[in-house]
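**Q** This is a predicted model, with the sequence first.
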Amino acid sequence: MYEDQLKELGLTDNEVKIYLLLLRKGSMNPSEISQKLGLHRGYVYDALERMQEKEAINLISKDNKKQFQATNPEHFVELLKLKLEKFQQIIPNLIEINESQKEETKVEMHKGNRVYRILIKDVLSSIKNGSEVLLIGVDEEILTNEIEPIYLDQYLNSIKSRNIKERIIIKNNGKRLKNKNLQYKNIDRKYIGNTAQIIYSSKVAIFIVGYPHYLILIDNKKVADTYRSNFEALWKIAKK
């Protein structure tokens, strides 16, 4: 149940298995790990070396023999904080490089059943505190079924703490989430279509639900302003 979160820290599938095994057992040698997980001993040695570099495990001596133990999970938090601090130091330089580009419009397309993670991260990293996100055609029932609760909760908690508001136009009789930061209106299906549109900062995201899902990100202020105007026109005729 923790595999996905650990993989997001940079661990491979088998490295996650090794880490959880060591977390449960305390400490083990490579042979014991190999036998317990059914992995080739040579692979285990290579994995343990990589995990040491990632600071996921520690090498210890027990009864004059080398064994490995899992790093305290809290260490990951401190490690991520340190990495974040280092990254924040270079953000001004990265922004300068980005702004020096002459390309006026940036378009990205993503495909997969978890592209909503990309969208959530991009929304939270692009908008300022106290700003507003506009949504058209979002199906909250599909949203709650498709997105793991942890990601949806993190997003809602984040916009609450940052005082970010959402205005959402949904199809008649569509599901509504109960949240003070979300304001809904509904409208006839013919005005919305089969795609969801999210307008934020200078960006427009077009989310197409399917198998797999598609996400198109457009970064252009004029395009975003045009979508905002369309949203406001629909908002005026939509009903609470």
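**A** Thanks, I have the structure now.
**Q** thought E108 was touching L217?
**A** Yes: A contact is recorded between E108 and L217 when judged using C-beta atoms under 8 Å, the distance being 4.4 Å. Placement of C-beta: from N, CA and C, glycine included.
**Q** Please say which of these two ends up with more neighbours.
**A** Neighbours per residue, other C-beta atoms under 10 Å: of E108 and L217, the larger number sits with L217, 20 against 13.
**Q** From the contact counts, what lies against the one helix or strand that one maps to?
**A** L217 is located in strand 214-219, with elements delineated by DSSP states H and E. Using 3 or more C-beta pairs under 8 Å, 6 or more residues apart in numbering; DSSP states H and E as the contact definition, the elements that strand 214-219 packs against are strand 106-111, helix 115-126, strand 203-208.
**Q** how about a cut-off of 10 Å?
**A** strand 106-111, helix 115-126, strand 196-200, strand 203-208 (3 or more C-beta pairs under 10 Å, 6 or more residues apart in numbering; DSSP states H and E).
**Q** those strands in the protein, which residues are they?
**A** If DSSP state E is used as the criterion, the strands of the chain fall at 57-62, 65-70, 106-111, 132-136, 165-171, 182-187, 196-200, 203-208, 214-219.
**Q** lowest-confidence helix or strand of the protein?
**A** In the chain, no helix or strand scores lower on mean pLDDT, DSSP states H and E than helix 140-146, which sits at a mean of 66.
**Q** Roughly how far does the nearest residue to Y43 once chain neighbours are set aside sit from R114?
**A** Closest residue in space to Y43, ignoring its immediate chain neighbours: N14 at 7.3 Å, by C-beta to C-beta, 6 or more residues apart in numbering. As for N14, its distance to R114 is 21 Å (criterion: C-beta to C-beta, to the nearest Å).
**Q** now K62
**A** For K62, the distance to R114 equals 40 Å [C-beta to C-beta].
**Q** Could you export the strands of the chain to CSV, including columns for distance to L20?
**A** What follows is the strands of the chain, written out as CSV (distance: least, C-beta to C-beta, whole Å):
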stretch, distance to L20
strand 57-62, 11
strand 65-70, 8
strand 106-111, 30
strand 132-136, 37
strand 165-171, 37
strand 182-187, 37
strand 196-200, 36
strand 203-208, 34
strand 214-219, 31
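**Q** right, so of the ones you listed, which gets closest to R228?
**A** Closest approach to R228 among the strands of the chain (C-beta to C-beta): strand 196-200, 5.6 Å.
**Q** per-domain residue ranges of the protein.
**A** The chain breaks down by automatic domain parsing into domains covering 3-71, 75-102, 105-237.
**Q** Select from the ones you listed the stretch with the lowest mean pLDDT.
**A** Ranked by mean pLDDT, the domains of the chain bottom out at domain 75-102, with a mean of 77.
**Q** about what we covered before: pick the most buried one from the strands of the chain.
**A** Comparing the strands of the chain on average neighbours per residue, with mean count of other C-beta atoms under 10 Å, the densest one is strand 196-200 at a mean of 22.
**Q** ok, now how distant is K86 from L80?
**A** Taking C-beta to C-beta as the criterion, K86 is separated from L80 by 11 Å.
**Q** contacting residues for the closest residue in space to A238 that isn't next to it in sequence?
**A** Closest residue to A238 in three dimensions, ignoring its sequence neighbours and counting by C-beta to C-beta, 6+ apart: K185, at 3.6 Å. Under the criterion of C-beta atoms under 10 Å, 6 or more residues apart in numbering, the contact partners of K185 comprise 167-170, 234-240.
**Q** Show me the beta-bridge partners of K185.
**A** K185 has the following beta-bridge partners by DSSP bridges: I169.
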